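> Make a model of this:
(2 chains)
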There are 2 protein chains.
Amino acid sequence: MSEITASYFFTGKVAAAEPFAEKLAVGLTVGSWTELTTLDQEHLAAYKGRVVHAEQQSDGLAIKIAYPVKNVTPDFSSILTTVFGKLSLDGAVKLIDIDFGDYVSHFPGPAFGIEGIRRHLGIESRPLVMSIFKGIIGRDVEFFKAQLRAQALGGVDIIKDDEILYDVPELPFEERISAAAAVLKEVEDETGHKVLYAVNLSGPVFELKDKAVRAKELGATAILFNVHAYGLDVLKGIRELDTGLPILAHPAFAGAIAGSDSHGISYPLLISKLARLAGADLILFPAPYGSVPLDQQEAEQIVRAARSAAPVPRAFPVPSAGIHPGLVSRLIDDFGSDIVINAGGGVHGHPDGAAAGGRAFLEAIELYEGKAAGPAYEKAVIQWGSL
Amino acid sequence: MSEITASYFFTGKVAAAEPFAEKLAVGLTVGSWTELTTLDQEHLAAYKGRVVHAEQQSDGLAIKIAYPVKNVTPDFSSILTTVFGKLSLDGAVKLIDIDFGDYVSHFPGPAFGIEGIRRHLGIESRPLVMSIFKGIIGRDVEFFKAQLRAQALGGVDIIKDDEILYDVPELPFEERISAAAAVLKEVEDETGHKVLYAVNLSGPVFELKDKAVRAKELGATAILFNVHAYGLDVLKGIRELDTGLPILAHPAFAGAIAGSDSHGISYPLLISKLARLAGADLILFPAPYGSVPLDQQEAEQIVRAARSAAPVPRAFPVPSAGIHPGLVSRLIDDFGSDIVINAGGGVHGHPDGAAAGGRAFLEAIELYEGKAAGPAYEKAVIQWGSL
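Residues are numbered from 1 along each chain as shown, chains lettered A, B, ... in the order given. This next block holds a predicted model:
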């Protein structure tokens, strides 16, 4: 019998772990058990939750329950409702992990993944570099084009929209895409360097599929998506369109679901494993060096969940927030070369401007690979230091 | 200038509340301020977040920031990403409330609301009674029909699917609707009593609109929706279809977002105010009498947010979980008569079966209104006691 196994952590103590877990396993599936007739029990055994593990630890209760896949349908909403619907309302309980078993085959995973994106960009093994627009809210298309061009000239591989820039009159979705396509073609003609532009796919949910197709037609080369504000199944639906555009999963709003130690879903499960299964090619996450509260261990789990062996392609983990060139060697040491290094202020804040900022990141990677330190990198290290 | 105002609570202390809040208001909108030219400041003032309130309290920091509506589009995903996207990742901060100002006009609210549903059912002022299937997972359509009939014969007003029953081969969505329509027509012919059946709308997100229309065609009379597993914008999109079916917003999974005191979104905002604005006619929530961790004050805030004066119709608050007939007078005392009383075990567990269980609830309401206690109610009180 195929099962999906959910791992939970309950803060606090119970009298006896096993009966507590058994009551949950029954209550979250067939509803009752001991009062059923033997005939009903025989029939419903195929639908009943099964306790895999129940252990009282010093700080709480670790429980694993396996749910027959017959109880769900291949969407995240049904699975999350079964394994964490009512239970989420029931006190201090955190959903740590979900093992999908062979049911994982129902989920698309990334269309490109690490290998697909490397092939597409022609970059074999070095970390990719991504930069973000800065101070774009309230600006017009001329500002957008100038900032895009400066970033692209620095040699970064991907430029992404700010996740808080939506389809607004000052800078509409379609106009951004067309403008970006023109600017990036110019830069490619001038320098031979190819840059992806990830447009923020936003607006009414039932218009997103048409907008994704339109984005491709107008020359967008990637999609940025606020998956946790929209829902994992929305990402899955967009992924299944097969637009030919890689998808960047932004962690915005994920802290509302994953930020607490005692409630919600763990960061590695929510923003990495589930987003990857839903179709994210790039998994953005707050790097553990900045002000944000992810610790090193959680970051490593996120990276592992993005790149682990699975029936779906591996996704690029994208450490973000507070990244500057002086952190590059640390990032590669910690997370390897199959990452995308993502910076905003660390590009735009370079003393010689955004193009030099982008160059400084690429020089930092070359330095790590044994080349001499470049001049843009040297200036960046004076500005921000190094680790 | 139209604004949306978000209220936050930060656990812990900061050196100075006002500068902390100002830094957020800038960072979450235009990105930087003091380093801008005067010309840029003049232009971007219309996009900059504005601190409305910042106060260090004994247990934390209360902050209100007003965001120009120019920064967002009329969907929950953009609004939540702007007011709680990056911020949710930034430590112990809870989004307590959002005041939409006149931007509220962009949200549909319930198609029916309290008045519409009362008119539709011909019930002027008493609380409505809803019952839920019990032990339906793994069962077939005959079991479904028998249990539906028993519930309907008790005189309840609404019968809802179990939120963990999806579109499964044993009991497919369409078959449930057709079977329910036939059973409820029989009961109406026999008794003159009209009962709504709320089918659980589930499955791939981009198929939900077609399924909602199909549900109406096949004779469903209401929709149950796991809005918090799918996303608020999905509910909004379904509401805007105007299928003519009232929508019940189930709180499943909401605890993952609202359960923590220090992180996420408050229950009243998430499951009541936002779900109502998105289009929920009925707001299910865990009643504060059972094992669930909502307290009385939170429950009252949920009820208020569902029924407050607003440009959209009022929604029915639906106290749920652990409800039995002996609690009815307490429910009406606490929340008034404009509620739907929702019970599963409190209907099915009646000594004389589900029909008597439903009757017991209606007798409890009559008792509250001054009539003599009925026999089904008396037996229920022996079974479960009263408050």
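
> From here on, just use CA atoms for contacts and neighbour counts.
OK.

> What is the burial count for residue A:242?
Per other Cα atoms under 10 Å in any protein chain shown, the neighbour tally for residue A:242 reads 12.

> From the centroid of chain A, which residue is nearest?
residue A:283 (2.9 Å; Cα atoms, centre = their mean).

> Secondary structure element holding the residue nearest to it when sequence neighbours are not counted?
Leaving aside its sequence neighbours, residue A:283 sits nearest to residue A:317 (Cα to Cα, 6 or more residues apart in numbering or on different chains; 4.8 Å). Assigned by DSSP states H and E, residue A:317 falls within strand A:316-320.

> Does anything pack onto that strand? Which helices or strands?
Here strand A:316-320 touches strand A:282-286, helix A:296-307, strand A:340-343, going by 3 or more Cα pairs under 8 Å, 6 or more residues apart in numbering or on different chains; DSSP states H and E.

> Just the C-alphas of it, formatted as CSV.
Presented in CSV, the C-alpha positions along strand A:316-320 are these (Å, rounded to 0.1, in the frame of the first residue of the first chain):
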residue,chain,number,x,y,z
PHE,A,316,19.3,25.5,-7.7
PRO,A,317,19.5,26.7,-4.1
VAL,A,318,19.8,30.5,-4.1
PRO,A,319,21.2,31.9,-0.8
SER,A,320,20.0,35.5,-0.7
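
> what about the helix or strand following it, distance to the chain center?
Next along the chain after strand A:316-320, taking DSSP H and E as the criterion, comes helix A:328-335. How far helix A:328-335 lies from its chain's middle: 19 Å, per Cα atoms, centre = their mean, to the nearest Å.

> any idea how far chain B is from the residue nearest to residue A:283?
Residue A:317 sits 17 Å away from chain B when distances are taken as Cα to the nearest Cα, to the nearest Å.

> Same check on residue A:19?
In terms of Cα to the nearest Cα, residue A:19 sits 17 Å off from chain B.

> wait, is that residue part of a helix?
Yes - counting by DSSP: H, G, I helix; E, B strand; the rest coil, residue A:19 is found in a helix.

> just to revisit the earlier point, can you check what pLDDT the model gives the residue nearest to residue A:283?
Listed pLDDT for residue A:317 reads 98.

> Repeat that for residue A:289.
pLDDT, residue A:289: 85.

> residue ranges of the helices in the stretch 51-200 of chain A, please?
A:76-84, A:113-121, A:141-153, A:173-191 (DSSP state H, counting those that start in this stretch).

> Among those helices, which comes closest to residue B:192?
Nearest to residue B:192, of all those, is helix A:76-84, at 35.7 Å by Cα to Cα.

> And for the residue nearest to residue A:283, the neighbour number?
Residue A:317, neighbours per other Cα under 10 Å, totals 26.

> Quick check: it touching residue A:284?
Yes - in terms of Cα atoms under 8 Å, residue A:317 counts as a neighbour of residue A:284; the distance is 6.2 Å.

> Would you mind listing what in the stretch 251-387 of chain A touches chain B?
By Cα under 8 Å from any Cα of the partner chain, the residues of the stretch 251-387 of chain A that approach chain B are A:251-260, A:262-265, A:286, A:291-293.

> List buried residues within the residues you listed.
A:251-260, A:262-265, A:286, A:292-293 (16 or more other Cα atoms under 10 Å in any protein chain shown).

> So which of those sit within helices?
A:254, A:255, A:256, A:257, A:258 (DSSP state H).

> Let me have the helices and strands packed on strand A:316-320 in a markdown table, adding mean pLDDT as columns.
A markdown table is the format used below for the helices and strands packed on strand A:316-320 (pLDDT from 0 to 100):
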| stretch | mean pLDDT |
| --- | --- |
| strand A:282-286 | 97 |
| helix A:296-307 | 97 |
| strand A:340-343 | 96 |
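
> Adding distance to residue B:75 as columns, could you present those in a markdown table?
Output for the helices and strands packed on strand A:316-320, formatted as a markdown table (distance: least, Cα to Cα, whole Å):
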| stretch | distance to residue B:75 |
| --- | --- |
| strand A:282-286 | 23 |
| helix A:296-307 | 29 |
| strand A:340-343 | 27 |
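
> In space, what's closest to residue A:378 - neighbours in sequence excluded?
Nearest to residue A:378 is residue A:360, by Cα to Cα, 6+ apart, at 7.8 Å.

> Tell me, how many residues neighbour the one you found?
Neighbourhood size, residue A:360 [other Cα under 10 Å]: 30.

> Wait, it touches residue A:326, no?
No - Residue A:360 is not in contact with residue A:326 according to Cα under 8 Å; the separation is 9.1 Å.

> list the residues that contact both of the two?
Taking Cα atoms under 8 Å, 6 or more residues apart in numbering or on different chains as the contact rule, residue A:360 and residue A:326 both touch A:377, A:380.
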